[in-house]
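>>> the following block contains a protein sequence and its predicted model.
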There are 2 protein chains.
Amino acid sequence: MVTLTSTTLDDTRPGADPVACCAPLVRAPLTAEAATTLARTMKALADPARLRLLSLVAAHEGGEACVCDLTEPLGLSQPTVSHHLKVLVDAGLLTREKRGVWAYYTLVTEAMNAVAAVLAAPSGRTSASTC
Amino acid sequence: MVTLTSTTLDDTRPGADPVACCAPLVRAPLTAEAATTLARTMKALADPARLRLLSLVAAHEGGEACVCDLTEPLGLSQPTVSHHLKVLVDAGLLTREKRGVWAYYTLVTEAMNAVAAVLAAPSGRTSASTC
DNA sequence: ACCGGACATCGACACCTGTCAATATCGACA
DNA sequence: TGTCGATATTGACAGGTGTCGATGTCCGGT
């Protein structure tokens, strides 16, 4: 539906195709549809608990973590953590793999990089050191 | 208050210091304070109208635009556009300069790059082409 | 087959947010 | 000084969102 060309992410899962590839918003004005799509992904990132979840999962041993690993460091109830994880999975920023009784979540690095690529200025011109 | 080290952005304006510099969230778990700060910036980006405003301003002639340039292409009322612009300015993503009767908004490229830097993975490991 | 534990879903609640019409503010110009 | 026009602010409303307790689901072990 959206005219965006997705990355090589598997967009078989509904809610995937988080952002456009190679279309930094500083280049040309976003269409209403593109803006809505991007905003959907940004909304998933616009919450302290979810940002911490992403970093907790990424920094966890093996790059994956189950709900029980995340509930305590966040200080939130288990249903709330499950809710946030579902939002992140629906946004294509995490993947969920059920092994036995546990559900292991992994960061989708390409999705994070794709979001970053849309926000960043295409070439140099950073004036301040972007590190 | 926050332990984040800001970029060379002018953080004299309240609401500046949008994100940490050189602290990608995939490295180490975010503290609650850092996550709250980052989320505040992400919330400003998590709206279709505001994303379009950023791209409209960036793509506009001279890299700046006044409210009257933005109201019509967005299809929103003037107060609503002013509201969104204020949110973006408070987040440090736009700057406002009043010249005569008009208010000109400009994109803060460093802030956008800083946000992108926090989200992106530090080194390679993109697997998919991030362009 | 039963039980226990890990996780997801549901229902409800308070709070936040995007939008607009109406109004206020403020600078330019006659 | 008074008017006009560009922008900001206010007030109000509908809809969305984060949170939790309670409950459901499903797997592994006894």
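Perfect, thanks for sending it. Residues are numbered from 1 along each chain as shown, chains lettered A, B, ... in the order given.
>>> those residues of chain A touching DNA strand C, which are they?
Within chain A, the positions adjacent to DNA strand C are A:66-68, A:78-79, A:82-83, A:85-86, A:96, A:101-103 by Cβ under 7 Å from any atom of the strand. Where C-beta positions appear, they are placed from N, C-alpha and C, glycine not excepted.
>>> list the contacts for the residue minimising distance to the centre of chain A?
Most central in chain A under Cα atoms, centre = their mean is residue A:93, positioned 2.9 Å from the mean C-alpha point. Applying Cβ atoms under 8 Å, 6 or more residues apart in numbering or on different chains, we find residue A:93 in contact with A:18, A:41, A:44, A:45, A:54, A:107, A:108, A:111, A:112.
>>> pLDDT weak spots in chain A?
Under the criterion of pLDDT under 70, the regions of chain A flagged as low confidence span A:1-23, A:123-131.
>>> cutoff 90 now
Chain A contains residues with pLDDT under 90 at A:1-29, A:121-131.
>>> ok, residue A:120 - how many residues close by?
Around residue A:120 sit 22 other residues, with neighbours defined as other Cβ atoms under 10 Å in any protein chain shown.
>>> let me fix that, I meant to ask about residue A:90.
Residue A:90: 16 surrounding residues under other Cβ under 10 Å.
>>> for the one 5 residues further on, same thing?
The number of residues packed around residue A:95, counting by other Cβ under 10 Å, is 17.
>>> over to the nearest residue to it once chain neighbours are set aside: give its phi and psi.
Closest residue to residue A:95 in three dimensions, ignoring its sequence neighbours and counting by Cβ to Cβ, 6 or more residues apart in numbering or on different chains: residue A:106, at 5.0 Å. When quoted as degrees, to the nearest 10, the phi and psi of residue A:106 stand at phi -130, psi 140.
>>> list the helices and strands the strand or helix carrying residue A:43 packs on?
Following DSSP states H and E, one finds residue A:43 within helix A:32-45. Helices and strands touching helix A:32-45, by 3 or more Cβ pairs under 8 Å, 6 or more residues apart in numbering or on different chains; DSSP states H and E, are helix A:48-59, helix A:78-90, helix A:109-119, helix B:32-45, helix B:48-59.
>>> would you format those helices as TSV with distance to residue B:72 included?
What follows is those, written out as TSV (distance: least, Cβ to Cβ, whole Å):
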stretch	distance to residue B:72
helix A:48-59	35
helix A:78-90	34
helix A:109-119	25
helix B:32-45	23
helix B:48-59	10
